[in-house]
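**Student:** A structural model of the following input is requested.
(3 chains)
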Amino acid sequence: MEALASGPTAPAAARSATEAFFARSAHEVARELVGATVLVDGVGGRIVETEAYASDDPASHSYRGETARNRTMFGSPGRLYVYRSYGIHWCANVVCDDDRVGAAVLLRAIEPTHGVEAMHARRGTVDARLLCSGPGRLTQALGITAGLDGHAVDAPPLELFLSETADVVAGPRVGISRAVERPWRYTLRGSPFVSRPRPRA
DNA sequence: CAGTGGATGCTCT
DNA sequence: GAGCATCCACTGT
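**Tutor:** A predicted model of the protein is given here:
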């Protein structure tokens, strides 16, 4: 993937390749991010689980309009939206934009491939399957906090490498109470590193 | 295994 | 004051 040439203050007209990739529906982006590799300071791995949150989605933080918390969701695509979950964990999204602002893709699980030692140290677990298999776990393992909110996903310390097409399965989202039935959770088929139900086959 | 409850902070009603 | 896009420890089968 190309490096992001323009900084935060660059003219909006000069949209980078990364921004263009994320300037689509959260569904397309969520599906294509499965199989991609994301690193923070060289620590991370292959994305095996994502969820799409659309702009007109009752389950999305952006549904009721812009607030102080979700401001990043209404900005440039290709940036991280980081928020605190249940008062304890951080959750990381990538902002999308399919003509309507307020869409994003939640990163739910990663297969650890880079900097596994650092992840173990941060997480304090010995089970590789539990290092990044959940939105709160993966932010802890990669060291993602509110400090990275609004940060471009391809600007240091973040790196993103897209992949060839992966074998992706769609299913219902996890942990939400509204629009529960929408099958907007995307997982890498058969991966033992997804967060929820152990893949049965 | 399945089910329950506690921790903990912030947003919105 | 309720309700979370969660995780973990602990209980009982």
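**Student:** Give the other helices and strands that the one helix or strand residue A:50 maps to contacts.
**Tutor:** Secondary structure assignment for residue A:50, by DSSP states H and E: strand A:43-53. Identification of packing neighbours for strand A:43-53 by 3 or more CB pairs under 8 Å, 6 or more residues apart in numbering; DSSP states H and E yields helix A:26-33, strand A:37-40, strand A:103-114, helix A:135-142, strand A:185-188. For glycine as for every other residue, the C-beta is placed from the backbone atoms N, C-alpha and C.
**Student:** what's near enough to touch the closest residue to residue A:160 other than its chain neighbours?
**Tutor:** What sits nearest to residue A:160 in space, not counting adjacent residues and going by CB to CB, 6 or more residues apart in numbering, is residue A:153, at 4.8 Å. Shown here is residue A:153, whose contacts under the criterion CB atoms under 8 Å, 6 or more residues apart in numbering are A:18, A:22, A:38, A:78-80, A:94, A:160.
**Student:** how about a cut-off of 7 Å?
**Tutor:** Neighbouring residues of residue A:153 by CB atoms under 7 Å, 6 or more residues apart in numbering: A:18, A:78-80, A:94, A:160.
**Student:** same thing with residue A:19?
**Tutor:** Neighbour list for residue A:19: A:76-78 [criterion: CB under 7 Å, 6+ apart].
**Student:** Helices along chain A, start to end?
**Tutor:** Counting by DSSP state H, the segments of chain A that form helices are A:17-22, A:26-33, A:116-123, A:135-142.
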